[in-house]
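A.B. asks: could you work out the structure for the sequence below:
(chains A and B)
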There are 2 protein chains.
Amino acid sequence: MSDRDAVLSRVRERVDPSPAEREALAAAADELAARARGALDDLGVDGEVVQVGSTARGTWVSGDRDIDLFVQFDPELARPELERLGLEVGHAVLPDGHEEYAEHPYVKGVFEGFDVDLVPCYAVESAAEIQSAVDRTPFHTKYLEARVDEALAADVRLLKQFLKGAGAYGSDLRTEGFSGYLTELLCVEYGGFVATLEAVADWNPPVRFDPEGHGTRSFDDPLVVVDPTDAERNVAAVVSAANVARFQHYARAFLDDADEEYFFPEPVGPAGEAEVRAWLAERGTTALAVRFETPDLVEDQLYPQLERSRDGLVRGLEGHGFDVLRSAVWANAESVLFVELSVAELPAVERHDGPPVAVGEHARGFYEQYADDPAVFGPFIDGDRYVVEREREVATAVEFAEKRLGSVALGAHVASIVDAGDYEVLAGEEVPPLAGDFGVELRAYFEPEP
Amino acid sequence: MSDRDAVLSRVRERVDPSPAEREALAAAADELAARARGALDDLGVDGEVVQVGSTARGTWVSGDRDIDLFVQFDPELARPELERLGLEVGHAVLPDGHEEYAEHPYVKGVFEGFDVDLVPCYAVESAAEIQSAVDRTPFHTKYLEARVDEALAADVRLLKQFLKGAGAYGSDLRTEGFSGYLTELLCVEYGGFVATLEAVADWNPPVRFDPEGHGTRSFDDPLVVVDPTDAERNVAAVVSAANVARFQHYARAFLDDADEEYFFPEPVGPAGEAEVRAWLAERGTTALAVRFETPDLVEDQLYPQLERSRDGLVRGLEGHGFDVLRSAVWANAESVLFVELSVAELPAVERHDGPPVAVGEHARGFYEQYADDPAVFGPFIDGDRYVVEREREVATAVEFAEKRLGSVALGAHVASIVDAGDYEVLAGEEVPPLAGDFGVELRAYFEPEP
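C.D. replies: Prediction:
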């Protein structure tokens, strides 16, 4: 047995569900489905109950405890009626469940230790006729059920765990990684775990697949996998360029030197205050953090807002002449826009180019505006233009964060927080204590991995 | 009499040579010409003696004391013979003169208080047949003599003095301004001093004139005046964009508000050490000066070398991440490359982008080069690329000037000086004492005028 096979064999032992786990899950799913059908009968409504997702297809990684049941209603049903019936069935199946809201409301609850989603959708004829995104999900399960046998399902589990190890698994907007469905499609495309890694190692993005050969439009994403059940959709739309690159990096690394650690990396330990202080001293940079109470948003709304705010802060700083070396966003109860600056202080004056002297009235206006202003140096002529050196609006990055943050594009909730002044700017000696709440994030920042 | 006429009238009194000055100059020129003809007779050689330049045309500004006599020899004469005969005549005319070298050697000396150049050239039939640049000069004088009457000559004097006041008079490579010949051509073109200013105020460079309508080629200069005596030559080739703009600026200023001071500005007084210190503190910048003994070169060689060296220093600093607000070069016995920095210090680390991860071998090589290097942060992935943060080669502008100046493009003589280490770098408290040798230059730098 090769080293690689030995490693994979050990990983399989950890990711393959045991017979007992499979039986328990099947039993729970059957019981929940039966309850749902009973509830439909009690309501006197037609509806199909289907199990979807990885636990339906046998591709879940041991320990995942998600059961997704979809109740498919008549497409003629009005949407409010669908939502009402869906929730009634949900509450009947999961008496202790609570309502959540994606494209429409559904019931989430716990049953025999499993996390259960009970979601209403329309029983459309084909994925092309879907009325909401969830209507598509049963088609995904049908498509894969016909193509993923037990051997391939085992390789799907390896690939999922591998992507988790690389930090690239999950289609949420924080991770911007590979969804379960996408992972399975890749395994189907290449025929197995190692074959997928070998192919990915040689990818040259943009990479495009169209398993059903029915794609009609082009996409501007680094990875394009046309949904076999919907010609208009890129299954990999959410995957960032960095996660494509990361997948390539770790694929090569594993093929070079197989190691179980790629699947189960050591968790990053939190950095201490003294470490952060030492890193900053070693780098000779100036760190700045904008900190505020995390707005009450689901993660898929929170992280895009934080990213947009980070972009606004960075572009605002750069627009005022400060150089940002690197930046990050972190959130738990509090959120932090973290910026590390190469240049955090600038002179009192800045160059301000006027028009070419030849541009008659405009040039004259510029000259006259500044000619008698004792606060500027100039106007003088450089090349064909008038130039003055005038007082810089903002001379330090901290001043920008404190006084001008409201002038840049921020996420909507962050903008409200900034407008209300409900944030603080940490700099200098105030930064290392962030290790108390964000020690893991700080270590990942200062000891970055691919 | 309008204010403007009153001002011009007062200026005329200062720039028009008095009858006594004219007579003295004419007598001296006649005597020198007679001596030259005598010398030609003694040598038994044919040759024509002509007076050229502003003193020949009556367009000199009172107090200028240059007499230029050209001896035109047979174009069939071999060049060494022309040079030998030219020097013999020169020494005969100016027994106390000394030899200088332009395109060929000539004799320079003082006669009755006048600075006299005695220059040999070829008596070619037309300016198109010239063998060296000086052969063209007599044609300039002939061309202008026919077009500049006494009234226009008076306006030429005004315009020359006006350009002197603006700091834009002189075709030397330090000034990069307007030559006497160019000034006269402009006055001829527009018909007088005020008419020239009115036209110049509305120039929209590039501006092109071709008085004889015989130009055959295009030029990439902001001002193009095709030489009436040579269709291939731009008389204004040396005029910088800044001097064109300066001329426009002062033309407008004078037309708006006539003042004698435009012709005779108050000389700039030297700045003191304390003033320089205060300016730098007010601006919050970091000044740096590279100082060395001025190489033994004529100004037309020295200043282009200093400018080239200044460019090299500035581009080198910017290439290493430092921001230059403004810079200058100054020379007397010592030369200074003066640089004022917005950013003079940078962190210990800098970002270094590697290849896209997808670019197989190249990406792998980059990763492996840095993966185990304890001195770098990373490699990590940003977008589709590997990135490391590694130690910056040069962390301060002073360090760059001290250790890396030899790596940038410098003027040839300056490069030798730098290679030999015969220069010093002044920074911080060492800069204000430069006021001792460069007080006027420092005031002009910190109180810049158009």
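
A.B. asks: give me the three-state assignment for residue A:330.
C.D. replies: strand (DSSP: H, G, I helix; E, B strand; the rest coil).

A.B. asks: name the residues that touch the longest helix belonging to chain A?
C.D. replies: Counting residues, the longest helix in chain A under DSSP state H turns out to be helix A:19-43. With CB atoms under 8 Å, 6 or more residues apart in numbering or on different chains as the test, helix A:19-43 has contacts from A:17, A:46-47, A:49, A:51, A:55-56, A:58, A:60, A:62, A:67, A:69, A:71, A:85, A:88-89, A:92-93, A:111-112, A:114, A:116, A:118. To be clear about C-beta, it is placed using only N, CA and C from the backbone, and glycine gets the same treatment.

A.B. asks: give me the buried entries from those residues.
C.D. replies: Buried residues within these, counting neighbours by 16 or more other CB atoms under 10 Å in any protein chain shown: A:17, A:47, A:49, A:51, A:55-56, A:58, A:60, A:67, A:69, A:71, A:85, A:88-89, A:92-93, A:111, A:114, A:116, A:118.

A.B. asks: the nearest residue to residue A:358 once chain neighbours are set aside and residue B:245: what is the separation?
C.D. replies: Spatial nearest neighbour of residue A:358, chain neighbours left out: residue B:204 (5.0 Å); criterion: CB to CB, 6 or more residues apart in numbering or on different chains. Computed as CB to CB, to the nearest Å, the residue B:204 to residue B:245 distance reads 12 Å.

A.B. asks: try residue A:259
C.D. replies: 67 Å.

A.B. asks: mean confidence for the host helix or strand of residue A:80?
C.D. replies: Assigned by DSSP states H and E, residue A:80 falls within helix A:79-93. Confidence over helix A:79-93, taken as the mean pLDDT, stands at 94.

A.B. asks: tell me which other helices or strands that helix touches.
C.D. replies: Helix A:79-93 makes packing contacts with helix A:19-43, strand A:66-73, strand A:105-111, strand A:114-122 when contacts are defined by 3 or more CB pairs under 8 Å, 6 or more residues apart in numbering or on different chains; DSSP states H and E.

A.B. asks: need the contact partners of the helix or strand just after that helix.
C.D. replies: As assigned by DSSP H and E, the chain's next helix or strand after helix A:79-93 is strand A:98-101. The set of residues external to strand A:98-101 that reach it, using CB under 8 Å, 6+ apart, is A:87, A:90, A:105, A:106, A:107, A:108, A:109.

A.B. asks: which positions in the stretch 251-400 of chain A make contact with chain B?
C.D. replies: Applying CB under 8 Å from any CB of the partner chain, one finds that the stretch 251-400 of chain A approaches chain B through A:252, A:282-285, A:321, A:323, A:325-326, A:342-343, A:346-351, A:356-358, A:360, A:364, A:367, A:377-386, A:389, A:395.

A.B. asks: got the angle between the longest helix of chain A and strand A:105-111?
C.D. replies: 130 degrees (axes from the mean of the first three to the mean of the last three CA atoms, to 10 degrees).

A.B. asks: mind listing what's buried along helix A:19-43?
C.D. replies: If you call a residue buried by 16+ other CB under 10 Å, then helix A:19-43 has these buried ones: A:24, A:25, A:28, A:29, A:32, A:33, A:35, A:36, A:37, A:39, A:40.

A.B. asks: also stretch A:96-112?
C.D. replies: A:97, A:104, A:106, A:107, A:109, A:111.

A.B. asks: all strands for the stretch 201-350 of chain A, in order.
C.D. replies: With DSSP state E, counting those that start in this stretch, the ranges of strands along the stretch 201-350 of chain A come out as A:207-209, A:223-227, A:230-234, A:286-293, A:323-331, A:334-343, A:349-356.

A.B. asks: doesn't residue A:181 fall inside a strand?
C.D. replies: No - the assignment for residue A:181 by three-state DSSP gives helix, which leaves it out of any strand.

A.B. asks: that one is in contact with residue A:139, isn't it?
C.D. replies: No - taking CB atoms under 8 Å as the contact criterion, residue A:181 and residue A:139 are not neighbours in contact, 10.4 Å apart.

A.B. asks: tell me which of those two has more neighbours.
C.D. replies: When residue A:181 and residue A:139 are compared for neighbours, residue A:181 comes out ahead with 26 against 19, by other CB atoms under 10 Å in any protein chain shown.

A.B. asks: still on that earlier bit, mean confidence for the longest helix of chain A?
C.D. replies: Within the predicted structure, the mean pLDDT of helix A:19-43 is 95.

A.B. asks: what element comes up after that helix heading to the C-terminus?
C.D. replies: Toward the C-terminal end, the helix or strand that comes next after helix A:19-43 (DSSP H and E) is strand A:48-52.

A.B. asks: neighbours around the residue in the stretch 101-250 of chain A that chain B sits nearest to, how many?
C.D. replies: The shortest separation between the stretch 101-250 of chain A and chain B is 3.8 Å, found at residue A:245 (distances taken as CB to the nearest CB). Here the neighbour count serves as a burial measure; for residue A:245 (other CB under 10 Å) it reads 25.

A.B. asks: now the one 3 residues further on
C.D. replies: Neighbouring residues of residue A:248 were enumerated by other CB under 10 Å; the total is 27.

A.B. asks: is it true that it touches residue A:197?
C.D. replies: No - with contact defined as CB under 8 Å, residue A:248 and residue A:197 do not form a contacting pair (9.5 Å).

A.B. asks: from residue A:388, how far out is the residue sitting furthest away from the middle of chain A?
C.D. replies: Seen from the C-alpha centroid of chain A, the residue lying at the greatest distance (CA atoms, centre = their mean) is residue A:372, 54.3 Å away. Computed as CB to CB, the residue A:372 to residue A:388 distance reads 12 Å.

A.B. asks: tell me where the model's unsure across chain A.
C.D. replies: Confidence mapping of chain A against pLDDT under 70 gives zero matching residues.

A.B. asks: picking up where we left off before, and the residues of the stretch 251-400 of chain A next to chain B, which of them are in helices?
C.D. replies: Among those, DSSP H puts A:252, A:282, A:283, A:360, A:364, A:367 in helices.
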